[in-house]
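Undergrad: Need a 3D model of the following:
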Amino acid sequence: MNICVFGAASKTIDEKYIKPVEAMGEYLARHGHNLVFGAGATGEMGAVSRGFKKGGGKIHGVVPEFFKEDLDEFVNWGCDELTVTQTMRERKGIMEDLSDAFIITPGGSGTFEELFEVLTLKQLGRHRKPIAIYNIDGYYDLLVDTIKYAIDTEFIKPNCERLFAVFDETQFDSMIDYIENDNMDNMTVKDLK
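TA: Reported below is the predicted structural model:
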């Protein structure tokens, strides 16, 4: 499978987030999976690409052209395959199309936006791909609580909580099982709206 990993590329991220993401990438590659990602060379993006390479996986980076001028030092130009796009929106669309599943690692506003886009598209029936949230050191606890609160207050249907699954650093096997076998319990868009 091609697994898209969304996560931070910041150079200032604590190692407690970097090491588990690299280990996850290596573990997934050793189980026969390949990486689709934003072509980052730093932060968690750099870590996941190193992990996939260590595990023998292929990495396909997707990066907007303007990064060459403005953010060149953040880009892994040595990907097995590299797609250069005109815009961030095009970048995200290509990453979504190339991928069979999504893993969301800790990140900032860009990562949140990517998570909610694939979550919304899944709710609307535009894809049925697994979405795994890698909750390192409880990073996403408050976000998951916010989603549960939106369900409790009836802004989101209760079935939508089953559109994603949350895993911590000890649950690689469970994450792979979910990614490889999730069928959304045969839910349809009518179950989610």
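Undergrad: Starting from G56, give me the distance back to G25.
TA: 11 Å (C-beta to C-beta, to the nearest Å). C-beta coordinates here come from the backbone N, C-alpha and C atoms, glycine included.
Undergrad: Contact partners for the residue of the chain most remote from its centre?
TA: Going by C-alpha atoms, centre = their mean, the residue of the chain most distant from its centre is T153, 27.2 Å out. Not one residue lies near T153 by C-beta atoms under 8 Å, 6 or more residues apart in numbering.
Undergrad: Show the backbone phi and psi for it.
TA: Main-chain torsions, T153, degrees, to the nearest 10: phi -90, psi 10.
Undergrad: That one and D177: what is the separation?
TA: Distance from T153 to D177, by C-beta to C-beta: 32 Å.
Undergrad: And for G56?
TA: 21 Å.
Undergrad: what's the answer for I156, then?
TA: 25 Å.
Undergrad: cool, and A23?
TA: In terms of C-beta to C-beta, A23 sits 17 Å off from D177.
Undergrad: neighbour count winner among the two?
TA: Using other C-beta atoms under 10 Å as the criterion, A23 and D177 rank with A23 on top: 17 against 12.
Undergrad: Show residues contacting the helix or strand S49 falls within.
TA: Assigned by DSSP states H and E, S49 falls within helix 43-54. Applying C-beta under 8 Å, 6+ apart, the external contacts of helix 43-54 come out as 5, 7-11, 13, 17-19, 21-29, 34-35, 37-41, 58-59, 61, 76, 79, 105-107.
Undergrad: How about stretch 59-68?
TA: 2, 34-40, 49, 52-53, 74-76, 79-88, 90-91, 94-95, 98.
Undergrad: Can you tell me which of these are buried?
TA: 2, 34-40, 49, 52-53, 74-76, 79, 83-85, 91, 95 (16 or more other C-beta atoms under 10 Å).
Undergrad: What number of residues are in the vicinity of the closest residue to I156 other than its chain neighbours?
TA: For I156, ignoring the flanking residues on the chain, the nearest one in space by C-beta to C-beta, 6 or more residues apart in numbering is A150 at 4.4 Å. Using other C-beta under 10 Å, A150 has 14 other residues around it.
Undergrad: Who are the packing partners of the helix or strand harbouring A150?
TA: Element membership for A150, per DSSP H and E: helix 141-152. In terms of contacts (3 or more C-beta pairs under 8 Å, 6 or more residues apart in numbering; DSSP states H and E), helix 141-152 is not packed against any helix or strand.
Undergrad: 10 Å instead?
TA: helix 109-123, strand 131-134, strand 165-167 (3 or more C-beta pairs under 10 Å, 6 or more residues apart in numbering; DSSP states H and E).
Undergrad: buried sites along it?
TA: Those would be L143, I147, for helix 141-152 by 16+ other C-beta under 10 Å.
Undergrad: returning to that earlier point: would you mind telling me which of G25 and G56 has the busier surroundings?
TA: Counted by other C-beta under 10 Å, G25 and G56 do not tie: G25 has more neighbours, with 29 against 11.
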